[in-house]
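1. okay, sequence plus prediction incoming.
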Amino acid sequence: ERVVMCGAQVVTTGIVAPLGNVAIAANSFAVTAESLCYMPIFGFATAATTLVAQNLGAGDKERAYQQAKWCNWMAIGVMCCTSTIMFIFARQIIDIFSNDPAVISLGSQVLRVEAFAEPFFAIGSVVAGVLRGAGDTKWPFYISLAGMWMLRVPIAITLIQFFGWGLHAVWVGMALDLFCRGMISLWRFKKRGWLHVWEQQEARLAGK
């Protein structure tokens with residue numbers, strides 16, 4: 001999963017590089033600003049992994065599901081607040097990193113595009129933690145592979161090559177990737193397939 005994610009990020013950086021110095025700087029500062037928005041979500045994802053594993057280990061599947069759901073809702077709530085701040089104060093945030101008007105303008109524009117996808121990023125991250133806690137580690141890989149390599153990278157390349165978009169193409173691709181990953185993750189969570197994976201693992205261990 002990490003190889004898939006990091007590989008796509010390297011390719012994305014390669015897509016941004018030919019767009020010029022302003023785009024490179026705006027992209028770098030926007031990524032840094034966005035990371036301030038989603039950092040708390042990693043805490044909820046780690047908590048979800050721990051709580052799910054503990055409750056499933058104790059044989060309480062319903063409690064595992066309910067606590068995972070609460071982690072998800074809290075992460076969405078936090079992300080909605082931080083993404084709203086990011087959208088409203090995008091220019092002021094980029095202004096912290098640069099005094100170039102072109103960089104500030106472009107960086108704030110792409111940051112506002114990404115703000116709409118942040119709640120879905122929260123869902124994807126927390127549900128990935130839930131799935132890992134249940135031992136359902138294949139699905140986070142599948143979801144990342146589909147989102148990064150079938151949406152983010154192709155959309156960015158297509159919008160740049162055929163429609164003449166600049167840095168906006170990369171961030172639109174990123175936003176659509178996060179939206180789809182969040183929705184697929186939510187579907188997997190609601191279907192409770194990860195609980196069946198845990199049951200199968202427990203059955204195999206019992207058989208040994």
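-> That came in fine, so what should we check first? Numbers count the residues shown, from 1 in each chain.

2. the most centrally placed residue in the chain and residue 105, how far apart?
-> Centroid-nearest residue in the chain: residue 121, 3.6 Å away (criterion: CA atoms, centre = their mean). Using CB to CB, to the nearest Å, residue 121 is found at 24 Å from residue 105. In short, each C-beta sits where N, CA and C put it, glycine included.

3. now swap in residue 14 and tell me
-> 24 Å.

4. do the same with residue 62
-> Distance from residue 62 to residue 105, by CB to CB: 51 Å.

5. looking at these two, which has the bigger crowd around it?
-> Legend: neighbour count by other CB atoms under 10 Å for residue 62 and residue 105, higher for residue 105 (14 against 9).

6. any idea which element the more buried one lies in?
-> helix 101-115 (DSSP states H and E).

7. which parts of that helix are buried?
-> By neighbour count on 16 or more other CB atoms under 10 Å, the buried set for helix 101-115 is 103, 104, 106, 107, 108, 109, 110, 111, 112, 113, 114, 115.

8. helix, strand or coil: sort out the closest residue to residue 127 other than its chain neighbours for me.
-> Distances taken as CB to CB, 6 or more residues apart in numbering put residue 185 closest to residue 127, at 3.8 Å, once the chain neighbours are dropped. Assigned with DSSP: H, G, I helix; E, B strand; the rest coil, residue 185 falls in the helix class.

9. secondary structure element for residue 202, which one?
-> Secondary structure (DSSP H and E) places residue 202 in helix 193-207.

10. mind checking the pLDDT average for that helix?
-> Mean pLDDT, computed over helix 193-207, is 80.

11. tell me what it is packed against?
-> Under the contact definition 3 or more CB pairs under 8 Å, 6 or more residues apart in numbering; DSSP states H and E, helix 193-207 sits against helix 61-88.

12. got the angle between the helix it packs on and helix 193-207?
-> 140 degrees (axes from the mean of the first three to the mean of the last three CA atoms, to 10 degrees).

13. which parts of helix 61-88 are buried?
-> 61, 64-65, 67-68, 71-72, 74-76, 78-79, 82-83, 86-87.

14. got a pLDDT number for the residue nearest to the centre of the chain?
-> So residue 121 comes in at 96 (pLDDT).

15. also the one 10 residues further on?
-> At residue 131, the model reports a pLDDT of 95.

16. check the one 5 residues further on too.
-> Residue 136 is assigned a pLDDT of 92 by the prediction.

17. list the contacts of it.
-> With contact taken as CB atoms under 8 Å, 6 or more residues apart in numbering, residue 136 is in contact with 188, 193, 194, 197, 198.

18. which of those residues lies closest to residue 47?
-> residue 194 (16.3 Å; CB to CB).

19. tell me the secondary structure at residue 59.
-> Assignment for residue 59 (three-state DSSP): coil.

20. count of residues packed around it?
-> If we define neighbours as other CB under 10 Å, then residue 59 has 9 of them.

21. ok, residues contacting stretch 102-112?
-> Counting by CB under 8 Å, 6+ apart, 22-23, 25-27, 29-30, 33-34, 86-87, 90-91, 93-95, 97-98, 166-168, 170-171 sit against stretch 102-112.
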